[in-house]
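Student: Please find the sequence and the predicted model below.
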Amino acid sequence: MNTATEPTIKEQLAAPAPASVPAATGKRPSILSRMDVDPDSLVVVDGKLTEAGEALVTELAAEISPLINQASDPAAALAEFERLFQEGLEGIAAARSTAEGRCTVHGWCVETGYHFDHNSADHVVTSLSREEPLIYAHLLHLSTSKPVIGLQGEDLDADQARAKAAELRKLADSIDEMVGLLTEDSATAEPGHWPWCQPHECITHQYDDGETYIEHYGHKATAVMADTDGSDAVRLHACLGFDESTAKEHPDVFLEDPDGPCVFLDVTSLDATITQLSDFTNTLRAMRRQMTKSPVEGPAGQERGERDIERMAATSGPRLEVPA
């Protein structure tokens, strides 16, 4: 609860009850309805409520104190009242958020002020020669439609966007392959080695008859996934290699866990592995998006609080029902 309001509430509740307190009736105005005020009038300044905020606390305390004093557990009743009051303040904060321009419908929306159409920031691939991006995408939710993803001027639903994202990843892989062709064609390999070899990593062996053969090794790729607290890690190594002592015509990629098994992948097996890892990464991306989502809540806090107050006022006894 706002620390600036707690002492005020407790001080007001500790004071003698007013001589005349309006009797409960069948239809009683909700306490939280009194919070339909200008949010700025309740701003906490230098750790204290404004004059309007103090007046609101005084009025609420005067009305609720008889119920609290007559409850079988006044401390629990006071805690329940403070909870409801805090929910009301949170409702005011949401109203202020709207007034200040922050969108309360979509967390990704960058529109400000009162607005009906929602847009996210653009995600782009920039151009080297012109101001317009090569590729751009953003989230869009018009007031008369469902949210979509805008890609190069086309509106895509979730399934269409996933399909296009897969195509773009394939395009990125193809670009990487073309870069590899450019750099490998220009690379000067040492005699007896492949263009991708790291000669200082290659190992020369000798048979008993004096003939030699070479185990060729390229760059090693390493991925280390460390635990949040750094206490443990999962490591994965990959390397392109070729053993001249085998009957194979083409290199293999060997994939290994330094503390576990190692697998050798030919072209077909490697293609299948890349597809599986791509799907695995897509699933991780989905999990990442889900990590920051809030749990599904029930009715808004202020509405729930108003119903609680109305139920208390409608009961015959003065006791407040405090959740366990």
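Tutor: Happy to help now that I have it.

Student: which other residues reach stretch 113-125?
Tutor: Outside of stretch 113-125, the residues within contact range by Cβ atoms under 8 Å, 6 or more residues apart in numbering are 98, 101, 103, 105-106, 108-111, 133-143, 147. Every residue, glycine included, has its C-beta placed from N, CA and C.

Student: One more: stretch 223-234?
Tutor: Stretch 223-234 is contacted from outside by Arg235, Leu236, Asp257, using Cβ under 8 Å, 6+ apart.

Student: Not counting sequence-adjacent ones, nearest residue to the second one?
Tutor: It stands for Leu236. If the residues on either side of it in the chain are set aside, Leu236 comes closest to Ala223, at 4.6 Å by Cβ to Cβ, 6 or more residues apart in numbering.

Student: With Ala137 instead?
Tutor: Using Cβ to Cβ, 6+ apart, the nearest residue to Ala137 is Leu151, at 4.6 Å.

Student: Quick check: that neighbour touching Arg162?
Tutor: No: Leu151 is not in contact with Arg162 according to Cβ atoms under 8 Å; the separation is 11.5 Å.

Student: Same drill for these two, tell me which one is more crowded.
Tutor: The neighbour comparison of Leu151 against Arg162 (other Cβ atoms under 10 Å) goes to Leu151, with 18 against 14.

Student: got the contact list for that one?
Tutor: Ile135, Tyr136, Ala137, Ala161, Lys164.

Student: try 10 Å
Tutor: Leu151 sits next to His123, Ile135, Tyr136, Ala137, His138, Gln160, Ala161, Lys164, Ala165, Leu168 when contact means Cβ atoms under 10 Å, 6 or more residues apart in numbering.

Student: mind listing the strands in this protein by residue range?
Tutor: According to DSSP state E, the chain carries its strands in the segments 44-45, 48-49, 118-119, 123-125, 135-141, 148-151, 154-156, 203-206, 212-226, 233-243, 252-256, 262-265.

Student: For those, give me JSON lines that also has mean pLDDT and distance to Phe85.
Tutor: Conversion of the strands of the chain to JSON lines gives the following (pLDDT from 0 to 100; distance: least, Cβ to Cβ, whole Å):
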{"stretch": "strand 44-45", "mean pLDDT": "47", "distance to Phe85": "14"}
{"stretch": "strand 48-49", "mean pLDDT": "59", "distance to Phe85": "12"}
{"stretch": "strand 118-119", "mean pLDDT": "94", "distance to Phe85": "32"}
{"stretch": "strand 123-125", "mean pLDDT": "93", "distance to Phe85": "42"}
{"stretch": "strand 135-141", "mean pLDDT": "94", "distance to Phe85": "34"}
{"stretch": "strand 148-151", "mean pLDDT": "96", "distance to Phe85": "41"}
{"stretch": "strand 154-156", "mean pLDDT": "94", "distance to Phe85": "45"}
{"stretch": "strand 203-206", "mean pLDDT": "94", "distance to Phe85": "75"}
{"stretch": "strand 212-226", "mean pLDDT": "92", "distance to Phe85": "44"}
{"stretch": "strand 233-243", "mean pLDDT": "93", "distance to Phe85": "48"}
{"stretch": "strand 252-256", "mean pLDDT": "93", "distance to Phe85": "59"}
{"stretch": "strand 262-265", "mean pLDDT": "93", "distance to Phe85": "62"}
